[in-house]
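return atomic coordinates for the entry below.
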Amino acid sequence: MDFRISGRIESADGDSSALGECRVELFFEQQVSPELPRSAFGLRDEGSSSSNGSDQKTKGGRVSTRTDEAGNFTISLPTDQLFDNAAMLQFVVSGPAGQMIGRTSRTLGELKDVLVIAVSANNLTPIPLVVPESLKKSETRRITGRVIDRDGKSVPVNSQVMLLARKAEGGAGGGEVAMPVLVAKTDAAGYFFGEVA
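Predicted structure coming up:
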């Protein structure tokens, strides 16, 4: 079972239209359970061991979630980790494009109510994507062909076919080096298919 923290982000600017899909990250320090001495496993302790129980070890942890369209979020802390009520939790909020828009710190004991994080929503307005009205469609031609050997029989399946072409200069069809415009493989009957721009 997890310890759940519910909260919401609110715009300090009053604009709450673009608070969805923001990332809320929670950074924390967690206590590491002490290591058992080697003697607990029937092994001999080697070297100097200064484990007197007063050395409390911690390690950093991170969990994250996304906000809904209204800016609400729920984030879960794993309960198998050791925390105390004085543990400091750092909340960092990033916009959909990754820019940091807010941060706050709380102790675990302060999180009894819904957490509200103030964010700056200045740069959160969505960028409208405009579709050009006149899109040029590339003219393609469907090419179908069959490859046969000198005896008129089909070539083996998956034989590679390469169609070469060069740009025409003044309609004469010469000048440049031929470039591949279609690469295909034959089917069981020796046919190949493809589109050429």
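
ok, for Asn122, nearest residue in space, not its chain neighbours?
Leaving aside its chain neighbours, Asn122 sits nearest to Asp13 (6.3 Å; criterion: Cβ to Cβ, 6 or more residues apart in numbering). Bear in mind the C-beta positions are built from the backbone N, C-alpha and C, glycine included.

need the contact list for that neighbour.
Neighbour list for Asp13: Ser120, Ala121, Asn122 [criterion: Cβ atoms under 8 Å, 6 or more residues apart in numbering].

helix/strand/coil for the residue in the chain sticking out farthest from the centre?
The C-alpha centroid of the chain is most remote from Asp151, which lies 55.2 Å away (Cα atoms, centre = their mean). Taking DSSP: H, G, I helix; E, B strand; the rest coil as the rule, one finds Asp151 in the coil state.

how far away is it from Phe91?
Distance of Asp151 to Phe91, given as Cβ to Cβ, to the nearest Å: 76 Å.

so Ile148 bridges to which residues?
Ser154 (DSSP bridges).

per-residue confidence at Asn85?
On the pLDDT scale, Asn85 is placed at 67.

flag the shaky bits of the protein, pLDDT-wise.
Within the chain, the stretches with pLDDT under 70 are 1-2, 16, 31-56, 79-86, 123, 125-127, 169-175.

would you map the helices across it?
Taking DSSP state H as the criterion, the chain contains no helices.

please, where are all the strands along it?
2-11, 23-31, 58-66, 72-78, 88-94, 100-107, 115-119, 141-146, 160-165, 179-185, 191-196 (DSSP state E).

so which elements touch the third one?
Meaning strand 58-66. strand 23-31, strand 72-78 (3 or more Cβ pairs under 8 Å, 6 or more residues apart in numbering; DSSP states H and E).

quick one, the longest one and strand 58-66 angle?
Counting by axes from the mean of the first three to the mean of the last three Cα atoms, to 10 degrees, strand 23-31 points 160 degrees away from the direction of strand 58-66.

for strand 23-31, name the packing helices and strands.
Secondary-structure packing of strand 23-31 (3+ Cβ pairs under 8 Å, 6+ apart): strand 2-11, strand 58-66, strand 72-78, strand 88-94.

strand partners of the second one, parallel vs antiparallel please.
To tie it back to what came earlier, the one meant is strand 58-66. strand 23-31 (antiparallel).

report the buried residues of the partner strand.
Within strand 23-31, the residues that count as buried by 16 or more other Cβ atoms under 10 Å are Arg23, Val24, Glu25, Leu26, Phe27, Phe28, Gln30.

reformat these as JSON lines; add distance to Thr107.
Formatted as JSON lines, the buried residues of strand 23-31 follow (distance: Cβ to Cβ, whole Å):
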{"residue": "Arg23", "distance to Thr107": "22"}
{"residue": "Val24", "distance to Thr107": "18"}
{"residue": "Glu25", "distance to Thr107": "17"}
{"residue": "Leu26", "distance to Thr107": "13"}
{"residue": "Phe27", "distance to Thr107": "14"}
{"residue": "Phe28", "distance to Thr107": "10"}
{"residue": "Gln30", "distance to Thr107": "14"}
